[in-house]
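Visitor: Build me a structure from this.
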Amino acid sequence: MDIRSLSHLPDSELLALVAAANADARGIWTPSDEDLVELRQAAVAIDAEEDRVPVGFAVAGPSGTGEVWALQSLAVVPRMRRQGVGSALLAEVLAAATSAGAKELRTGVLDSRNVPALGFMARHGFEPRGVIKLRMRRPNLENLPPVELPAGYTLRHYRGGDEAVWMELFHRIFADDPRSGVPPMTLRDLRDEFLSSPNWKPERLWFALAPDGKPVGMAMAWMRMEDNQAVASLHWVGVLAAHRGRRLGEALSLACLHQHQRDGWPDCWLPTESFRISAVQTYERLGFSAVYSLADYARPI
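Guide: Numbers count the residues shown, from 1 in each chain. All right, here's what the predicted structure looks like:
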């Protein structure tokens, strides 16, 4: 087996190699025609060849500071897997990163359903880093329990003019939490992403109100793409810290599930993070279970 620079492959052969190596993978970066110049300029851009036929490739280089390198892609065609091709490519990347003074090699985001990729990473010393994102699903919207609220609390859906309330809750619950990595939202963002969407209905956004009438929680019955298919989703479910522990998140979630049921959806998905332990427990009580997770991985050099 030979390891060579990708520079010797014509564009058509390089794209064919990437497509063949990633054909059955999830969460792996695949370049388009526009990406080829950048790909070839990476610090390490190599392919593995068996009898002069390309059977795998790797792309890597510095990410931010020189002490961190990013493994942008590493893939092997199915017929050559588990024969040491991926390990040989990774060894070349690690050697180059070491020579450049790097201390850590990171991957992009990997889908837990990509079992071969995760197994390969584990065998070579990679571990999850940062936040692990979960994708959970309730398989049906039948037999939903009624919405129950603690004494004095009420729910209402969005009303015209609630944009400021919405943004304040969003920032206090989500964007101000450094663990979530959620960027601030502007009024324009809110209008472009939600209020101007053909999916928008006021009854798809719910607020929880404290006994004094102030909004203290929110949740959305929204739609998003899951494996290139539109699905019903619970979105931005959250309660201000001072009002947690009263199962308001559960009540808000149920209000959204009932709305999805009225809209005719057969099931419901939601995105969350593993560190939100109480939220995950709430979703599990509501019949959701984790389908897969997303995380990036790293190993020391």
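Visitor: who does the helix or strand harbouring A298 pair up with?
Guide: Per DSSP states H and E, A298 falls inside strand 289-300. If you go by DSSP bridges, strand 289-300 pairs up with strand 104-111 (antiparallel), strand 127-138 (antiparallel).
Visitor: roughly how far is the shortest one from the heart of the chain?
Guide: In terms of Cα atoms, centre = their mean, to the nearest Å, the centre of strand 104-111 is found 13 Å from the chain centre.
Visitor: ditto for the longest one
Guide: Relative to its parent chain, strand 127-138 has a centroid offset of 7 Å by Cα atoms, centre = their mean.
Visitor: Output the contacting helices and strands for the next helix or strand along the chain from it.
Guide: Remark: after strand 127-138, the chain's next helix or strand is strand 154-157, criterion DSSP H and E. The contact analysis (3 or more Cβ pairs under 8 Å, 6 or more residues apart in numbering; DSSP states H and E) places strand 154-157 against strand 205-209, helix 248-262. (Each C-beta comes from the backbone N, C-alpha and C, glycine too.)
Visitor: would CSV of those with distance to A96 and mean pLDDT be doable?
Guide: As requested, the helices and strands packed on strand 154-157 are exported to CSV (distance: least, Cβ to Cβ, whole Å; pLDDT from 0 to 100):
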stretch, distance to A96, mean pLDDT
strand 205-209, 50, 98
helix 248-262, 47, 98
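Visitor: Could you dump the ones you listed into CSV with distance to D162 and mean neighbour count added?
Guide: As requested, these are exported to CSV (distance: least, Cβ to Cβ, whole Å; neighbours: other Cβ atoms under 10 Å):
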stretch, distance to D162, mean neighbour count
strand 205-209, 7, 23
helix 248-262, 15, 22
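Visitor: out of these, which comes closest to N228?
Guide: Closest to N228 of the helices and strands packed on strand 154-157 is helix 248-262 (Cβ to Cβ; 19.9 Å).
Visitor: How far does the following helix or strand past the closest one sit from its chain's centre?
Guide: Past helix 248-262, further along toward the C-terminus, the next helix or strand under DSSP H and E is strand 268-273. Centroid displacement of strand 268-273 relative to its chain, using Cα atoms, centre = their mean, is 10 Å.
Visitor: Any buried residues in strand 268-273, and which?
Guide: Applying a neighbour-count criterion of 16 or more other Cβ atoms under 10 Å, one finds C268, W269, L270, T272, E273 buried in strand 268-273.
Visitor: For whichever helix or strand comes after it, enumerate the helices and strands it packs against.
Guide: Heading C-terminal from strand 268-273, the first helix or strand you meet, by DSSP H and E, is helix 277-285. Counting contacts by 3+ Cβ pairs under 8 Å, 6+ apart, helix 277-285 is packed against strand 127-138, helix 248-262, strand 268-273.
Visitor: switch to 7 Å and redo it
Guide: Applying 3 or more Cβ pairs under 7 Å, 6 or more residues apart in numbering; DSSP states H and E, we find helix 277-285 packed against helix 248-262, strand 268-273.
Visitor: okay, the angle between it and helix 248-262?
Guide: Interaxial angle of helix 277-285 relative to helix 248-262 (axes from the mean of the first three to the mean of the last three Cα atoms, to 10 degrees): 40 degrees.
Visitor: model confidence over helix 277-285, on average?
Guide: Averaging pLDDT along helix 277-285 gives 95.
Visitor: same deal with stretch 4-23?
Guide: 88.
Visitor: Skipping its backbone neighbours, what lies nearest M218 in space?
Guide: Closest residue to M218 apart from its sequence neighbours, by Cβ to Cβ, 6 or more residues apart in numbering: L169 at 4.9 Å.
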